[in-house]
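For reference, the sequence and a predicted model appear below.
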Amino acid sequence: MTQHGKKYKEALSKVDREALLSVPAAVDLVKELATAKFDETIELAVRLGVDPRKADQILRGTLSLPAGTGRDVRVAVFAAGEKAAEARAAGADVVGADDLVARIANDGFLGFDVAIATPDLMGQVGTLGRILGPRGLMPNPRTGTVTNDVGRTVREFKSGRVEYRTDKVGNIHVPVGKASFSRTDLIANIHAVIDELIRAKPAAAKGRYIKSVTLASTMGPGVRIDPARVRDLEEELVGT
């Protein structure tokens, strides 16, 4: 059982676990409860009415948050020649080809948050599947991380592009900013995530689509958002 400290328990006492709040009200409460000495990350958790055991109901993609993420994203790029130079010029933190593959395979190097690869190197990168896959770091065409446009992709991830994917029970977790973000910026980022999930709704998903929405800071308790009010698009959120 997880043991929580005094501050967490104090924060939890301010949360009505049964209440379903609007997005602005949830943002205000989560910001109030983020009392750690560091700038806590604010994360949105959405439970979707999908069956991730079925390939046609797995969601995976990327979106650009209008207000960014507020964190320094470390980007690794598997590329050679001109594409490697393009990645470095765009601000990639680690760039390499066979040498980077070997560094990960042999030395266990994982000092990055996002991995991008040019298509011609996916043969080598594919050998790292057992290492990168479980950590959500494997480049994938569906998320735009297998591309020849490495410069633009690096800049987008550096400026606020995030990946999302359903876990084994249909949940999606996306960072939507920092506790220091303004109320307006956090609301804009949350709406961007919800809009993207609605856009990406699998045709095979039936019944209620967005089942629950929770917002929380790194050290704080979760605050529940009313799915029917999260974007004022009730008919789209509950599905048919």
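Thanks, I have the structure now.

center of the chain - which residue?
Val174 (3.4 Å; Cα atoms, centre = their mean).

just checking, what packs against the helix or strand containing that one?
Per DSSP states H and E: Val174 is located in strand 171-178. If contacts are counted by 3 or more Cβ pairs under 8 Å, 6 or more residues apart in numbering; DSSP states H and E, strand 171-178 sits against strand 41-48, strand 161-165, helix 183-199. Any C-beta I mention is one placed from the backbone N, CA and C, and that applies to glycine too.

looking at these, which has the lowest confidence?
Mean pLDDT is lowest for strand 161-165 out of those, coming in at a mean of 90.

Give me the sheet partners of that strand and which way each runs.
strand 60-64 (antiparallel) (DSSP bridges).

returning to what we had before: and the residue nearest to the centre of the chain, bridged to which residues?
Where Val174 sits in a bridge, its partners, by DSSP bridges, are Leu44.

For stretch 166-182, list every residue counted as buried.
Across stretch 166-182, burial judged by 16 or more other Cβ atoms under 10 Å covers Thr166, Gly170, Asn171, Ile172, Val174, Pro175, Val176, Gly177, Lys178, Ala179, Phe181.

what mean pLDDT would you report for it?
94.

what are the ranges of the strands in the chain?
Secondary structure of the chain (DSSP state E): strands at 41-48, 60-64, 75-78, 94-96, 114-117, 161-165, 171-178, 210-217, 223-225.

on that earlier part again, tell me the one of the buried residues of stretch 166-182 nearest Gly220?
The closest of the buried residues of stretch 166-182 to Gly220 turns out to be Ala179 (Cβ to Cβ; 8.7 Å).

list the contacts for the closest residue in space to that closest one that isn't next to it in sequence?
Spatial nearest neighbour of Ala179, chain neighbours left out: Ala34 (3.7 Å); criterion: Cβ to Cβ, 6 or more residues apart in numbering. Taking Cβ atoms under 8 Å, 6 or more residues apart in numbering, we find Ala34 in contact with Glu40, Ile42, Ala179, Ser217, Thr218, Met219, Gly220.

List only buried entries from these.
Buried members of the contacts of Ala34, counted by 16+ other Cβ under 10 Å: Glu40, Ile42, Ala179, Ser217, Met219, Gly220.

so how far is Thr62 from Glu163?
To Thr62, Glu163 is 5 Å away according to Cβ to Cβ, to the nearest Å.

Tabulate the buried residues of stretch 166-182 (JSON lines), appending distance to Glu18.
Formatted as JSON lines, the buried residues of stretch 166-182 follow (distance: Cβ to Cβ, whole Å):
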{"residue": "Thr166", "distance to Glu18": "26"}
{"residue": "Gly170", "distance to Glu18": "22"}
{"residue": "Asn171", "distance to Glu18": "20"}
{"residue": "Ile172", "distance to Glu18": "23"}
{"residue": "Val174", "distance to Glu18": "24"}
{"residue": "Pro175", "distance to Glu18": "26"}
{"residue": "Val176", "distance to Glu18": "23"}
{"residue": "Gly177", "distance to Glu18": "26"}
{"residue": "Lys178", "distance to Glu18": "28"}
{"residue": "Ala179", "distance to Glu18": "24"}
{"residue": "Phe181", "distance to Glu18": "27"}
